[in-house]
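Asker: sharing a model that was predicted from the sequence below.
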Amino acid sequence: MPHEARAVVAVKKGAPVEVLPIRVPDPGPGEVLVAVQACGVCHTDLHYRDGAIGEDFPYLLGHEAAGVVEEIGPGVADLAPGDYVVLAWRAPCGSCRSCRRGRPWYCFDSRNASQPMTLLDGTPLTTALGIGAFAEKTLVAAGQAVKVDPAARPEAAGLIGCGVMAGYGAAVHTGAVGSGDTVAVIGCGGVGNAAIAGASRAGARRVIAVDIDDAKLDAAERFGATDTVNSRGTDPIEAVRGLTGGHGADVVIDAVGRPETYRQGFFMRDLAGTLVQVGVPDPDMRIELPLIELFSRGGALKSSWYGDCLPSRDFPVLVNLYLSGKLDLDRFVTETVTLDEVEPAFGKMRRGEVLRSVVVL
């Protein structure tokens, strides 16, 4: 029998979100019903609200979540009611051309629930990143629910489902930061600071945080930055070169995703260095670079999709790092809010006042 739940819905482009009752189906084959305990307020949700990702309104927002499995559908063998899970927006299918080549972290046919959640009048909801977790209950594909140690509090564990994994993976997986590398991270919000934490744990000898906000730079030091650059009044390219013997960084991570920060990152690298873009740009943004520079500087320009992670492998690892005191997820949580406070939380995020607001249910 379908379940009724309160949820945060973006009804139309650019309008304030509304908390509405929705209908969540019983899980069908390969699906699970999850009681959401906490869900981070991510920039991607704001992009959905503002129509920057698509026009398939109404959207059921929220995707960075932890909760408990309530029901499982037919054919689900590796989960049971009561399991504590972090939700992932990539659930490898196992059969697409990328999965068959042994690269499931690039899966091109990621699994989602087959049945739609709806408004009470039957209007189908489009779920943010296939999850829709600003809700008391949500329906996901079984592969999206990754079982982790229940000792991790949901406010912290849920952040692994998006921002922390994206940033940490951008450094460790996409950027392949290694022992002795120099790293620069542009943008010290939640994703950028996760990249700083990842680079530090990977053994980077120097991790340079770049931002225009001194408070964020102070936070970056607590996540492992060895140096900070306020680019509001300083040329960040010259500053990073000055901190790396005049050469530039081995790996630069752009956690902002704007043409100006990408260009800075491109020239901030050492020769044969790597630039990783993990910040999500708006669809209308463009970048222009001299082709001779692309050739002569060498190296690699990479996009990081979800930190190139494999959730079933990586989520439990990050939770264990958290529980052992080696990854301070609690420090990412600036405040906890209710479903009714998501719209004000978007405002704080726009203004750069928080690392993460987290909805607690």
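Answerer: Here it is on my side, so go on.
Asker: what is the mean pLDDT for the helix or strand that contains residue 293?
Answerer: Using DSSP states H and E, residue 293 maps to helix 291-297. Here helix 291-297 scores 96 as its mean pLDDT.
Asker: which other helices and strands contact the host helix or strand of residue 210?
Answerer: Secondary structure from DSSP H and E places residue 210 in strand 206-211. Strand 206-211 makes packing contacts with strand 182-186, helix 190-201, helix 214-222, strand 227-230, helix 236-242 when contacts are defined by 3 or more C-beta pairs under 8 Å, 6 or more residues apart in numbering; DSSP states H and E. For every residue, glycine as well, the C-beta is placed using N, CA and C.
Asker: tilt between the first one and strand 206-211?
Answerer: For strand 182-186 against strand 206-211, the angle between stretch directions is 10 degrees (axes from the mean of the first three to the mean of the last three C-alpha atoms, to 10 degrees).
Asker: so what strands line up beside strand 182-186?
Answerer: Strand 182-186 pairs in its sheet with strand 206-211 (parallel), strand 249-254 (parallel), by DSSP bridges.
Asker: tell me how far it is from the chain's mean position?
Answerer: 18 Å (C-alpha atoms, centre = their mean, to the nearest Å).
Asker: any idea of the angle that strand forms with helix 214-222?
Answerer: 150 degrees.
Asker: what residues sit buried inside strand 182-186?
Answerer: 182, 183, 184, 185, 186 (16 or more other C-beta atoms under 10 Å).
Asker: how near is residue 74 to residue 137?
Answerer: To residue 137, residue 74 is 19 Å away according to C-beta to C-beta, to the nearest Å.
Asker: before we move on, back to that, most packed of the strands paired with strand 182-186?
Answerer: strand 249-254 (a mean of 29; mean count of other C-beta atoms under 10 Å).
Asker: export the helix or strand containing residue 274 to PDB, keeping only CA atoms.
Answerer: Secondary structure assigned from DSSP H and E places residue 274 in strand 269-277. Below are the C-alpha coordinates for strand 269-277, written out as PDB (Å, rounded to 0.1, in the frame of the first residue of the first chain):
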ATOM      1  CA  ARG A 269      49.600  23.800 -13.000                       C
ATOM      2  CA  ASP A 270      53.100  22.700 -13.300                       C
ATOM      3  CA  LEU A 271      54.200  21.400 -16.800                       C
ATOM      4  CA  ALA A 272      52.500  18.000 -17.300                       C
ATOM      5  CA  GLY A 273      50.300  18.800 -14.300                       C
ATOM      6  CA  THR A 274      46.700  17.700 -13.900                       C
ATOM      7  CA  LEU A 275      43.600  20.000 -13.800                       C
ATOM      8  CA  VAL A 276      40.500  18.400 -12.300                       C
ATOM      9  CA  GLN A 277      37.100  20.100 -12.700                       C
END
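Asker: give the buried residues for that strand.
Answerer: Within strand 269-277, the residues that count as buried by 16+ other C-beta under 10 Å are 269, 270, 273, 274, 275, 276, 277.
Asker: between those, which is nearest residue 171?
Answerer: Nearest to residue 171 out of the buried residues of strand 269-277 is residue 276 (C-beta to C-beta; 7.7 Å).
Asker: ok, back up a step: tell me the angle the strand holding residue 274 makes with helix 190-201.
Answerer: Using the same axes, to 10 degrees: strand 269-277 against helix 190-201 is 130 degrees.
Asker: what about the residue lying closest to residue 250 once chain neighbours are set aside, neighbour count?
Answerer: Leaving aside its sequence neighbours, residue 250 sits nearest to residue 181 (C-beta to C-beta, 6 or more residues apart in numbering; 4.3 Å). By other C-beta atoms under 10 Å, the residues close to residue 181 number 22.
Asker: for residue 181, give me its contacts.
Answerer: 199, 202, 203, 204, 205, 250, 251 (C-beta atoms under 8 Å, 6 or more residues apart in numbering).
Asker: ok, now residue 315?
Answerer: Contacts for residue 315 (C-beta under 8 Å, 6+ apart) come out as 86, 88, 146, 148, 160, 161, 165, 309.
Asker: and it, that one's in a helix?
Answerer: Yes - per DSSP: H, G, I helix; E, B strand; the rest coil, residue 315 lies within a helix segment.
Asker: partners of the nearest residue to it once chain neighbours are set aside in the sheet?
Answerer: Leaving aside its sequence neighbours, residue 315 sits nearest to residue 146 (C-beta to C-beta, 6+ apart; 4.5 Å). Here residue 146 sits in beta bridges with residue 86, as judged by DSSP bridges.
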